[in-house]
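Engineer: got a predicted model here, sequence first, then my questions.
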Amino acid sequence: MRKIPSLWIGIIGCTMFAIFFFFGPYLPKVDKNVTPHSYVVGPESNLDFILPPYVPNKDFILGSDKKGRDIYSALIMGTRGTLSTVFSISVITFLIAIPLGAAAAHLSFFRYILQGWNYLFSRLPVFFYVIIISTIPFFIFSPHRAVWMISFLIIFELGKVGEVVYKSVKLIQNTTYYEAGILAGSKPIGLWKRYYWPNCYPQWVAYFVQHIGSMLFFTRTIRDIRYFHFAVIIPTR
Amino acid sequence: MKLVLRLMGSLLLWVCMASVLIMIVLLPRDTQSHREGTLDVMSYHFTWEKYKQNITNYFDEVKAEKSLGITKFDQPVEVELSLYFKRSIVILVPALLLSILLGVGKGVFDYRHQSKVGRIFGKGSTWLGQSVPDFFLIFLVQTILSIAMRHGFPRLDMYGDEEWYNIFFPIFFLSMYPAFVIARYTSQALEEEDEQDYIKTAKAKGVPERVILWKHILRNAMPKLLQHFMPIVLTLLSGMFVVEFLSLYHGIGSRLINAIHIRYSIMPGEPLPIDVPAVIGFSLLIMVMLLIAQWMNQIFDFLLDPKRRGSHE
């Protein structure tokens, strides 16, 4: 174990994220609500107002943004939201895609579904679909906008992941030891337990982690171009 | 014949997807608002009549004007399309070529340097390059360059598209991530091919390493690499949106985002219009580029198929 530096880097990184995720709000100096400050009173006198953005100082460890929100708190509190969004997207995608891919390797009906799905959604960049879909007013005004966007992402990703699962199962079906298993009279559950799962799960776990990474990347891109905050309705008096 | 059938199949699918896309873009987008106490509440009601009217209006206009429409800048869509297409294609095609060139070169390097030190510079750096997000790389390079310029580095225009050398930054940023991905696929494919019997035979016969690598292994790994062509083109196109956004290069990506009207806030009673002709035009343009990439993929796939080569000879 001592000889694998990347394992140690990974463990340290994951532990950091886990601490931020579970204990984020209780860490010292974290402002749970990430409140914006429109001004801060200076040290000299009461009339010395300092406007944001602030450089890193005692109150704002990593400085603040234009609205006076503490970057350090925003980073830690943001970890929770981002990680749970990304995790739920990947988990749901894989929960649907693994049965679908495995079924496609056995039944041609599911094979056609998977193929059609891929034809429809894997030929254009996912990003492009998302920006076109998110301009539809129905989704902008829906109170469940985030849920809609997440489900669309799952729909767009499903075909890709299903195809990977299908290919790995198909690879095992072509081996001679699999044929021997069939001849010995293994039932589908036994095949799954003894043939597919032990051979495929390392690959699937690796792909799962990679998928989380790409989703993280993707939500970040969308946020960059301000999509998840598309509509804010201004209350007027 | 088989090739032509496949190409036509792609075209047919393309037409279906393009029409679905146009139908989505033409959805009615006007909103209603009413007052609840001190709040204005906006809502949206979909009616088929309005949708139908939208569609017929648009297609009547297209028929009458023989053009895809007039954008909000009072230009026919075709004029804007050709302008932005020229701008984007000069970064997309070189970026694709550069990423293939760099990627294959890096993959071969990784494959040849498998010693302890070689792994750090070879596979280690490939792994690192893949895990660093492209926007981070862009920020990093821009920050370092602007600090360097403050300390006497010649002043370069890093943003926009006015100078002739403005294309180099987007090309570089765009090609980095795909290059590392291609490098990983290449070294993987080379390693898989390495264990084959014909390589052992060639080595036993005393063929020089270099000839084996470039002539035998790489050539036979080509079809395997070609499988990743479309995903690479897709990453390149979605990377285009980010890169153009962050380097202020006004190409197809930033124009499409502009046409979709992204904003922080909406006033009540305001409709949510998008620049329909521009969105349709630029979406179709992106889809045409993808169709061409798909066709290229199919043609190369056909040409490189070893079974076909065998039956000819």
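Structural biologist: Thanks, I have the structure now.

Engineer: ok, then the element right after the longest helix anywhere in chain B?
Structural biologist: Using DSSP state H to define each element, chain B has its longest helix at helix B:77-112. Past helix B:77-112, further along toward the C-terminus, the next helix or strand under DSSP states H and E is helix B:116-119.

Engineer: which residue is nearest the middle of the chain?
Structural biologist: Reading this off chain A. Against the mean C-alpha coordinate of chain A, by Cα atoms, centre = their mean, the closest residue is A:V86 at 1.9 Å.

Engineer: not quite, go with chain B.
Structural biologist: The centre of chain B sits closest to B:L237, judged by Cα atoms, centre = their mean, with a distance of 1.4 Å.

Engineer: contacting residues for it?
Structural biologist: If you count contacts by Cβ atoms under 8 Å, 6 or more residues apart in numbering or on different chains, B:L237 has them with A:125, A:128, B:92, B:286, B:289-290. Any C-beta I mention is one placed from the backbone N, CA and C, and that applies to glycine too.

Engineer: swap in 10 Å and give it another go.
Structural biologist: A:124-125, A:127-128, B:88, B:92, B:174, B:252-253, B:286, B:289-290, B:293 (Cβ atoms under 10 Å, 6 or more residues apart in numbering or on different chains).

Engineer: likewise A:T219?
Structural biologist: A:T219 is in contact with A:81-82, A:85-86, A:89, A:149-150, A:153, A:227-228, counting by Cβ under 10 Å, 6+ apart.

Engineer: recalculate using a threshold of 7 Å.
Structural biologist: Taking Cβ atoms under 7 Å, 6 or more residues apart in numbering or on different chains as the criterion, A:T219 is in contact with A:82, A:85-86.

Engineer: measure it to B:I292 for me?
Structural biologist: A:T219 sits at a distance of 30 Å from B:I292 (criterion: Cβ to Cβ, to the nearest Å).

Engineer: same check on B:V15?
Structural biologist: B:V15 is 15 Å from B:I292, by Cβ to Cβ.

Engineer: all helices of chain A, in order?
Structural biologist: Taking DSSP H, the helices of chain A run over residues A:5-23, A:71-106, A:108-121, A:126-133, A:137-141, A:145-173, A:176-183, A:188-191, A:197-224.

Engineer: please compute how far the longest one lies from its chain's middle.
Structural biologist: Pointing back at helix A:71-106 there. Computed by Cα atoms, centre = their mean, to the nearest Å, the separation of helix A:71-106 from the middle of its chain amounts to 4 Å.

Engineer: so which other helices or strands are in contact with that helix?
Structural biologist: Counting contacts by 3 or more Cβ pairs under 7 Å, 6 or more residues apart in numbering or on different chains; DSSP states H and E, helix A:71-106 packs against helix A:5-23, helix A:108-121, helix A:145-173, helix A:197-224.

Engineer: residue contacts, the closest residue to A:G181 other than its chain neighbours?
Structural biologist: Once its chain neighbours are removed from consideration, A:G181 has its nearest residue in A:Y195; the separation is 5.7 Å (Cβ to Cβ, 6 or more residues apart in numbering or on different chains). Contacts for A:Y195 were tallied using Cβ under 7 Å, 6+ apart; they are A:172, A:178, A:181.

Engineer: quick one: secondary structure of the closest residue to B:M23 other than its chain neighbours?
Structural biologist: Distances taken as Cβ to Cβ, 6+ apart place B:I55 nearest to B:M23, at 7.5 Å, with adjacent residues excluded. Reducing the assignment at B:I55 to three states with DSSP: H, G, I helix; E, B strand; the rest coil gives helix.

Engineer: can you report how many residues neighbour B:I55?
Structural biologist: The number of residues packed around B:I55, counting by other Cβ atoms under 10 Å in any protein chain shown, is 15.

Engineer: so it makes contact with B:L26?
Structural biologist: Yes. In terms of Cβ atoms under 7 Å, B:I55 counts as a neighbour of B:L26; the distance is 5.4 Å.

Engineer: shaky segments in chain A?
Structural biologist: A:1-2, A:44-46, A:220-237 (pLDDT under 70).

Engineer: residues touching B:N297, list them.
Structural biologist: With contacts defined as Cβ under 7 Å, 6+ apart, the neighbours of B:N297 are B:226, B:229-230.

Engineer: what does A:P52 give?
Structural biologist: Counting by Cβ under 7 Å, 6+ apart, A:P52 touches A:37, A:64, A:66-68.

Engineer: the closest residue to chain A within the stretch 201-313 of chain B is in what secondary structure piece?
Structural biologist: Shortest the stretch 201-313 of chain B-to-chain A distance, computed as Cβ to the nearest Cβ: residue-wise this is B:S238, at 3.9 Å. For B:S238, the host element (DSSP H and E) is helix B:229-246.

Engineer: centre of the chain versus that helix, how much separation?
Structural biologist: 3 Å.

Engineer: so what does the very next helix or strand once past it touch, helix or strand wise?
Structural biologist: Proceeding N to C from helix B:229-246, the next assigned helix or strand is helix B:252-260, under DSSP H and E. Secondary-structure packing of helix B:252-260 (3+ Cβ pairs under 7 Å, 6+ apart): helix B:77-112, helix B:229-246, helix B:276-304.

Engineer: highest average neighbour count across those?
Structural biologist: Comparing the helices and strands packed on helix B:252-260 by mean neighbour count (mean count of other Cβ atoms under 10 Å in any protein chain shown), helix B:229-246 ranks first with a mean of 21.

Engineer: before we move on, back to that, got TSV for the contacts of B:N297, with pLDDT and distance to A:T93 too?
Structural biologist: Output for the contacts of B:N297, formatted as TSV (pLDDT from 0 to 100; distance: Cβ to Cβ, whole Å):
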residue	pLDDT	distance to A:T93
B:L226	85	27
B:F229	87	24
B:M230	85	20
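
Engineer: put the alpha carbons of stretch B:99-108 into PDB.
Structural biologist: Listed in PDB are the C-alpha atoms of stretch B:99-108, where the atom choice follows Å, rounded to 0.1, in the frame of the first residue of the first chain:
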ATOM      1  CA  SER B  99      -5.400  17.000 -30.600                       C
ATOM      2  CA  ILE B 100      -5.200  13.900 -32.800                       C
ATOM      3  CA  LEU B 101      -1.500  14.700 -33.600                       C
ATOM      4  CA  LEU B 102      -0.600  15.500 -30.000                       C
ATOM      5  CA  GLY B 103      -2.700  12.700 -28.600                       C
ATOM      6  CA  VAL B 104      -1.300   9.900 -30.800                       C
ATOM      7  CA  GLY B 105       2.300  11.200 -30.200                       C
ATOM      8  CA  LYS B 106       1.700  11.300 -26.400                       C
ATOM      9  CA  GLY B 107       0.100   7.900 -26.500                       C
ATOM     10  CA  VAL B 108       3.100   6.400 -28.300                       C
END
